[in-house]
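1. just a sequence and a predicted model for now, questions to come.
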2 protein chains.
Amino acid sequence: MSSFFASRWVQRPEHVEIADEDGAALPAGFRAGAVAAGLKYDDVLDVGLLVCDAEDAVSAARFTRSGVLAAPVIVTSQRTRIDALRVVAANSGNANAATGAPGLAVAIAMQEAAAQAAGVEPDQVAVASTGVIGIPLDPGRVAAGLARAAQKLHDAGGDELTEAIMTTDAFPKRASLTVRLPSGQVRLSAQAKGAGMIEPRFATMLCFVQTDARLAPETADLLLGVCVKRSFDRISVDGQLSTNDTAILICSGASGVRVEPESEDELRLGEALDALLRMLAIMIVRDGEGAQRIGRVIVRGGQAETVERCARAVANSPLVKTALHGADPNWGRIAQAVGAALPGTAPLALDIAIEGIAVCCDGAVAPHDEDALRAAAAAVEIEYEVGLPGAGAESEVFFSDLSHEYVTINAEYTT
Amino acid sequence: MSSFFASRWVQRPEHVEIADEDGAALPAGFRAGAVAAGLKYDDVLDVGLLVCDAEDAVSAARFTRSGVLAAPVIVTSQRTRIDALRVVAANSGNANAATGAPGLAVAIAMQEAAAQAAGVEPDQVAVASTGVIGIPLDPGRVAAGLARAAQKLHDAGGDELTEAIMTTDAFPKRASLTVRLPSGQVRLSAQAKGAGMIEPRFATMLCFVQTDARLAPETADLLLGVCVKRSFDRISVDGQLSTNDTAILICSGASGVRVEPESEDELRLGEALDALLRMLAIMIVRDGEGAQRIGRVIVRGGQAETVERCARAVANSPLVKTALHGADPNWGRIAQAVGAALPGTAPLALDIAIEGIAVCCDGAVAPHDEDALRAAAAAVEIEYEVGLPGAGAESEVFFSDLSHEYVTINAEYTT
């Protein structure tokens, strides 16, 4: 078994294998490189460049919906051919957010520098930044870094690209997979970052995905959209939506394997992408600043909006999260969080189970084995099931605990 | 100056004086007492009784809107003459929540025991509980405690009543005031408890208010409603709505001073009640589990719903709260919280000031004196102002920081 699919909540599909345990090898048609450009501190990779050599590359992207958008998000979403991206230029150490018109000019300069370095048009370059908010990003250092990174591009650069986008991440999040499709074998790789400010419509996260399968733009957009909804949209470290969240899929087509809409190939590639992004998402939660254990809450009941609200309320409750941290099967806090999410609905016929042990039934305590419950709550991955009246809707959220380390990291991480 | 009005955010009205620094003295017509009934541990007050001797007492109440209501909330809100309450029976150590039909029977028994002890009808008795959830409350101990408490009633029992409802509160929250109205002098007292999420299995705030002014039920309801909206509705320790929150105002009329609707008396009594409840609310935040500093966020802008959402988002952001804890003027986190609260509104012309120092203007960093900002951010009470496009609406929330102690209290104190 691979070390990548290391959660009980994500099964490696049978047609998916690890191509490179280091997550460095890129699909055919891709090269990446990274340099230390002095945006963070000396000798740490902080500028990365990803280039797709195929002139007819196909792409898709998803962004944060925050009302405060970072400059690179504005530039990438509004000043590119979003379905024909060939380059990603990324930096850590500075989010280029809340930087106004000057920041927008810097993001545009970053896009142009990457285009020049990679030999493509600026509108085929996505830019992405992560780091502190409200501090000017030095365009000269970024441009010099991108020019140097372009000299270091190679087909096993996924690992360096990952390193260049890490901020408070405790470990890298990347994978390099082989996917057997009915029409042939393709490669799939991804580099992600994220450990805090992770939530709603995804997170303070970046994720770049590459494949050498050949997809129509509509197919790329559909697959990325569906898989992001089931992965980065379903995680929360601290309920904090970021200004910079960006996920980009680029397809080189270099394998010659064509993935047609509504085909078995599309289904299988979708399964692989789904497992890949869900695992990366869970890794982000697991790396939630200071996280020691992670939870999955599943809320089932009558209405989509209601189950979603309850799942978020449980996942973001500091009481539930501290109980998770303390391995305390404290179901009263789940009841409290659900009740708070559904004001005016009392009496609520609420069911709660922790690790399959029913603790609350129809709104009242259910007889249960306290010792067994306590033992089950000591695991590293804890599952909470919440039942609301009615049937049909379901929502899940993966979340981290709330620890001393979270407080330390965030109280002492000054801008 | 009194030690009660100890926040820069609450001014003592000129017509209000402290009647008793210990907060023990009750207005004319009220008596209170408390006993150790063995619900918590030996020799700690945990059952309290408040009795209004006026047969024509007037009352008003407000409750949590949680979908998971504790049994005492159901009983008090549904099985009383809510505008003619004369008695409050309260206990700590057990919230009698998520206890189902048996718990409801216990709350009714508690109501009946208090009625018998105080010599009133059960429908004139409010019951309130705070403590652990999902554990049966012993009706025998409560009834015996109430019977003994009835023997100990006295007109300076406010302090004991306060003590009997404390859980993890680090200090008592009560006051005894004199209020000069145009028509005469009246007394106003209150006993509150709350420290954010209280017991490891629970959270609650309770507040009992007494006055010897004579009010019509509609006036009592109006004043309590408005003042609760401006106090207990405006605080957050951890964003967690409780199942037991209860605020009850009882007016004995014993002073003979009649407070008519739309009168100067009503205005002045309202000002006094407002200052009293706001100060108690801030005390609850200040006692927020592990709290070391507290913040006030004021959001101003175009729409009521929008400013409210943003104020809550800032107050409940763990990133803002850890920055507050670390005395870090990290305004990027404010921008992030506001942006997350207003998805899809970018570019947002956002203004942010910390302690009056403008740090973000029209969505971008504003030039400011970083040293002065850092010095200002080191205070114990920090004010954050957020400006959104448009004018007219305003919302404020008081909140505590997020500290190591919060994590310790909630993670390491297992049930």
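-> Received the coordinates, thanks. Computed from a predicted model, the values in this text were never measured in an experiment. Residues are numbered from 1 along each chain as shown, chains lettered A, B, ... in the order given.
2. mind telling me which residue of the stretch 101-250 of chain A is nearest chain B?
-> Minimum separation of the stretch 101-250 of chain A from chain B (Cβ to the nearest Cβ) falls at A:Ile133, amounting to 2.8 Å. Placement of C-beta: from N, CA and C, glycine included.
3. can you show me the strands along the stretch 101-250 of chain A?
-> A:125-132, A:173-181, A:184-193, A:206-211, A:214-215, A:235-236, A:246-251 (DSSP state E, counting those that start in this stretch).
4. correct me, but the residue of the stretch 101-250 of chain A closest to chain B touches B:Ala335?
-> Yes. In terms of Cβ atoms under 8 Å, A:Ile133 counts as a neighbour of B:Ala335; the distance is 6.2 Å.
5. pLDDT on stretch A:186-204, on average?
-> Mean pLDDT, stretch A:186-204: 69.
6. still on that earlier bit, for the strands of the stretch 101-250 of chain A, which one sits closest to A:Val228?
-> Closest to A:Val228 of these is strand A:246-251 (Cβ to Cβ; 5.5 Å).
7. which residues does that closest one contact?
-> If you take Cβ atoms under 8 Å, 6 or more residues apart in numbering or on different chains as the criterion, strand A:246-251 is touched by A:30, A:50, A:52, A:57-64, A:72-73, A:76, A:85-86, A:88, A:126, A:128, A:202, A:205-215, A:220, A:223-224, A:228, A:232, A:273.
8. skip ahead from that strand and say which helix or strand is next.
-> strand A:258-259 (DSSP states H and E).
9. what about the helix or strand that that following strand is followed by, near chain B?
-> Remark: after strand A:258-259, the chain's next helix or strand is helix A:264-286, criterion DSSP H and E. No. Helix A:264-286 is not in contact with chain B by Cβ under 8 Å from any Cβ of the partner chain; minimum separation 14.8 Å.
10. which secondary structure elements does the helix or strand just after helix A:264-286 sit against?
-> As assigned by DSSP H and E, the chain's next helix or strand after helix A:264-286 is strand A:294-301. Here strand A:294-301 touches helix A:264-286, helix A:304-316, helix A:318-325, strand A:381-387, strand A:393-400, going by 3 or more Cβ pairs under 8 Å, 6 or more residues apart in numbering or on different chains; DSSP states H and E.
11. which of these sits most buried?
-> For these, the largest average neighbour count (mean count of other Cβ atoms under 10 Å in any protein chain shown) is found in helix A:318-325, namely a mean of 28.
12. starting at the chain centroid, how far to the following helix or strand past it?
-> Sequence order places helix A:331-341 as the next helix or strand after helix A:318-325, per DSSP H and E. A distance of 27 Å separates the centroid of the chain from that of helix A:331-341, by Cα atoms, centre = their mean, to the nearest Å.
13. next secondary structure after helix A:331-341?
-> Under the assignment DSSP H and E, the closest C-terminal helix or strand after helix A:331-341 is strand A:351-354.
14. now do A:Tyr406, the pLDDT please.
-> pLDDT at A:Tyr406 comes out at 78.
15. need the residues touching each of A:Ile133 and B:Ala335.
-> Taking Cβ under 8 Å, 6+ apart as the contact rule, A:Ile133 and B:Ala335 both touch A:97-98, A:243.
16. compare those residues and tell me which is most surrounded.
-> Ranked by neighbour count (other Cβ atoms under 10 Å in any protein chain shown), the shared contacts of A:Ile133 and B:Ala335 have A:Ala97 at the top, with 32 neighbours.
17. can you tell me how far that residue sits from chain B?
-> According to Cβ to the nearest Cβ, to the nearest Å, A:Ala97 and chain B sit 7 Å apart.
18. likewise for A:Val359?
-> As judged by Cβ to the nearest Cβ, A:Val359 and chain B stand 8 Å apart.
19. need the per-residue pLDDT for the residue lying closest to that residue once chain neighbours are set aside.
-> Excluding the flanking residues, the one nearest A:Val359 by Cβ to Cβ, 6 or more residues apart in numbering or on different chains is A:Trp331, at 4.3 Å. For A:Trp331, the pLDDT comes out at 90.
20. so A:Trp331 makes contact with A:Cys360?
-> Yes. In this structure, A:Trp331 is within contact of A:Cys360 by Cβ under 8 Å, at 5.6 Å.
21. which residue of the two possesses the greater neighbour count?
-> Using other Cβ under 10 Å, the more surrounded residue of A:Trp331 and A:Cys360 is A:Trp331, with 29 against 26.
22. so what's that one up against?
-> Contact analysis of A:Trp331 by Cβ under 8 Å, 6+ apart lists A:352, A:354, A:359-360, B:134.
23. I'd like to know which of the residues you listed are buried.
-> Buried members of the contacts of A:Trp331, counted by 16 or more other Cβ atoms under 10 Å in any protein chain shown: A:352, A:354, A:359-360, B:134.
24. determine which two of those residues are furthest apart.
-> A:Ile354 and B:Gly134 (12.6 Å).
25. do you know how far the residue lying closest to the residue of the stretch 101-250 of chain A closest to chain B once chain neighbours are set aside is from A:Val132?
-> In space, and not counting its chain neighbours, A:Ile133 is closest to B:Gly332: 2.8 Å by Cβ to Cβ, 6+ apart. Taking Cβ to Cβ, to the nearest Å as the measure, B:Gly332 and A:Val132 are separated by 6 Å.
26. those two - which one has more neighbours?
-> B:Gly332 (25 against 18).
27. could you dump the lowest-mean-pLDDT helix or strand in chain A to PDB, C-alpha only?
-> Every helix and strand in chain A was compared by mean pLDDT, DSSP states H and E; the lowest is helix A:404-412, with a mean of 77. The C-alpha coordinates for helix A:404-412 follow below in PDB (Å, rounded to 0.1, in the frame of the first residue of the first chain):
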ATOM      1  CA  HIS A 404      -2.500  24.800  22.200                       C
ATOM      2  CA  GLU A 405      -0.300  24.700  19.100                       C
ATOM      3  CA  TYR A 406      -3.100  26.500  17.100                       C
ATOM      4  CA  VAL A 407      -3.100  29.300  19.600                       C
ATOM      5  CA  THR A 408       0.700  29.500  19.700                       C
ATOM      6  CA  ILE A 409       1.000  29.500  16.000                       C
ATOM      7  CA  ASN A 410      -1.700  32.200  15.500                       C
ATOM      8  CA  ALA A 411      -1.000  34.300  18.500                       C
ATOM      9  CA  GLU A 412       2.700  34.500  17.800                       C
END
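28. that one near chain B at all?
-> Yes. Using Cβ under 8 Å from any Cβ, we find that helix A:404-412 touches chain B at A:404, A:406-408, A:410-412.
29. next: stretch A:319-330.
-> Yes. If you take Cβ under 8 Å from any Cβ as the test, stretch A:319-330 does meet chain B, through A:319, A:322-323, A:325-328, A:330.
30. and the two most separated of the residues you listed?
-> Taking Cβ to Cβ, no two of the residues of stretch A:319-330 next to chain B sit farther apart than A:Leu319 and A:Ala327, at 14.5 Å.
31. still on that earlier bit, mutual contacts of A:Trp331 and A:Cys360, please.
-> With Cβ under 8 Å, 6+ apart, A:Trp331 and A:Cys360 have common neighbours A:352, B:134.
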